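# 3D, please:
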Amino acid sequence: MLIKIYGSAVFGVEAQTISVEVNVDQGIGYHLVGLPDNAIKESNYRIAAALQNTGYRIPGKKITINMAPADLRKEGSAYDLTLAIGILAASKQIASVAIDEYLIMGELSLDGSVNPIKGALPIAIKAKEAGFKGFILPIANAKEAAVVEGLEVYGVENILEVIEYFDKGMPLKRTLLDAKTEFYDQLELSDFDFADVKGQEGIKRCMEIAAAGGHNIILIGPPGSGKTMLAKRLPSILPPMTLEEALETTKIHSVIGKVKNTGLMSQRPFRNPHHTISSAALVGGGSYPQPGEISLSHNGVLFLDELPEFERRVLEVMRQPMEDREVTISRARFTVTYPSSFMLVASMNPSPGGYFNDPNAPVTSSPMEMQRYLSKISGPLLDRIDIHIEVSPVPFEKLSETGITEGSKDIRQRVIAARNRQTQRFQNMEAVHYNAQMNTKQIREFCQMKEETNVLLKHAMERLNLSARAYDRILKVSRTIADLDGSIEIEGKHISEAIQYRSLDREGWLG
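Numbering: from 1, shown residues only. The predicted structure follows:
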């Protein structure tokens, strides 16, 4: 008897429906075709044990299973439940009425329990688009899939529940989720707050500007000056995610199985990879491509601590994704694209010893050593970082203060107001949402200045020997500072402040 049952495969962050055709005929043998990987080929052992331990069995006949489309490679153990139910239906051990109205996925344990899968959210979105009535999957993924409205989602703990549902009409418990309510309830939760930061008011101002305009930022300072502490608090002042952003972000994390059973992600991601990371782990890749850290940081923050310690070739592969805000990974048979619109926050010591050229420091470095250390970061990468700022150690008087400092909630309100002005400005532009995304043409259009302000910028660039690449970056940051001030025009004070945030462009910065 021939039975058709449905599963799904994830490519990139999108899913594709897989038709599993199971035919049971006279003879002996088990044939699985349609480009399955080793995990799928081994499924017959898991299925046999799971069925035996739940009172069923694989029939001693010729079983032929085709996973279509046959030219697409299928991978992973998530097809166990699909194949098992297909075999039982094709061998007439259970009824097969309405079995083709459901998309079924899950990994089986030998005792028949159903383990979590990866990519439940994109699969659920595809199931709704394809017109399936419902989606049966592991209970650990049920809330994740229930985000999709208009699709019946049933989380199961054991294959026996699925068997009894189709064969005996025993009802499955539907997972219901008010995704919008839960999403908005979680928006204000944050583990970190800028109120914890003592001193460093100037650096907090830089972080506010970076958040308001979506600018990449690099912090340069000795150990213990608070670079990591500041970076970890940046997500707390970014505008709350929209539902659309939350869905995009959750889909990416779902693909690698990193979504907790809470529905949509409500907090912007903060990723902090170690400097020993490989280029494939950073941008994505592998034999069967998976999203890398830059994609897992989509709509959030990527923090690279000790930037010069990263391998140069690893950093260089970020250049194109930082510009295009997506990364494309090509293989011989297919190409996948992952979104990668993130804010880069980098930190570094000014020298190998970690300290400035200070005779009182525990470890000192000469200007030449400092220059050699800084040169590990290429000019094209620095060109994509709008704000460079020096971080000095906090004196004891500041650390011991007991007064209340400004917290993330107040800073965030100013950031949201500035972002709203940018949304209004770029409302007719599809690819531009905040100032950091402006290209040269848009900078000329939206960064108009009076003649005296233009003269100020000209004199400052000549006097400080700022590089040509600093010009556009200064204008972008100036536009953001003006937005924070609620100013339509870029004024001299905005230009003056923005110039301070290009430390690494100054000739003779190291003395």
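
# all helices of the stretch 251-400 of the chain, in order?
Secondary structure of the stretch 251-400 of the chain (DSSP state H, counting those that start in this stretch): helices at 279-283, 293-296, 312-316, 319-324, 367-374, 379-382, 396-399.

# who are the packing partners of the longest one?
Think helix 367-374. Here helix 367-374 touches no other helix or strand, going by 3 or more Cβ pairs under 8 Å, 6 or more residues apart in numbering; DSSP states H and E. No exception for glycine: its C-beta is placed from N, CA and C like everyone else's.

# tell me the mean pLDDT for that helix?
Averaging pLDDT along helix 367-374 gives 75.

# got it, and the first one?
Model confidence over helix 279-283 averages 91 on the pLDDT scale.

# likewise the last one?
This predicted structure assigns helix 396-399 an average pLDDT of 70.

# could you find the closest non-adjacent residue to Gly224?
Computed as Cβ to Cβ, 6 or more residues apart in numbering, the closest residue to Gly224 that is not its neighbour in sequence is Pro393, at 6.3 Å.

# now do the contacts for that neighbour.
For Pro393, the contacting residues are Gly221, Pro222, Gly224, Ser225, taking Cβ atoms under 8 Å, 6 or more residues apart in numbering as the criterion.

# comparing the helices of the stretch 251-400 of the chain, which comes out most buried?
Between those, helix 293-296 has the highest mean count of neighbours, a mean of 26, where neighbours are mean count of other Cβ atoms under 10 Å.

# can you give me how far that one is from the chain middle?
The offset between the C-alpha centroid of helix 293-296 and the centroid of the whole chain comes to 4 Å, using Cα atoms, centre = their mean, to the nearest Å.

# could I get the CA-only coordinates of it as PDB?
As requested, C-alpha coordinates have been extracted for helix 293-296 and formatted as PDB (Å, rounded to 0.1, in the frame of the first residue of the first chain):
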ATOM      1  CA  GLU A 293      27.500  34.700  14.800                       C
ATOM      2  CA  ILE A 294      26.900  37.800  12.500                       C
ATOM      3  CA  SER A 295      23.500  36.300  11.600                       C
ATOM      4  CA  LEU A 296      22.700  35.300  15.100                       C
END
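
# contacts for it, please.
Residues outside helix 293-296 that contact it (Cβ under 8 Å, 6+ apart): 252-253, 256, 258, 269, 271, 273, 277, 281-284, 302, 318, 321, 327, 338-340, 342.

# show the buried residues in the contacts of Pro393.
Neighbour counting with 16 or more other Cβ atoms under 10 Å marks Gly221, Pro222, Ser225 as buried within the contacts of Pro393.

# can you put these in JSON lines and add distance to Ser190, pLDDT and secondary structure?
What follows is those, written out as JSON lines (distance: Cβ to Cβ, whole Å; pLDDT from 0 to 100; DSSP: H, G, I helix; E, B strand; the rest coil):
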{"residue": "Gly221", "distance to Ser190": "24", "pLDDT": "84", "secondary structure": "coil"}
{"residue": "Pro222", "distance to Ser190": "28", "pLDDT": "83", "secondary structure": "coil"}
{"residue": "Ser225", "distance to Ser190": "23", "pLDDT": "82", "secondary structure": "coil"}
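
# tell me how many other residues surround the residue lying closest to Thr54 once chain neighbours are set aside.
Closest residue to Thr54 apart from its sequence neighbours, by Cβ to Cβ, 6+ apart: Gly112 at 4.3 Å. For Gly112, the neighbour count with other Cβ atoms under 10 Å is 24.

# gap between the residue most central in space within the chain and Gln437?
With distances taken as Cα atoms, centre = their mean, the chain has Leu296 as the residue nearest its mean C-alpha position (2.4 Å). The gap separating Leu296 from Gln437 is 20 Å, by Cβ to Cβ, to the nearest Å.
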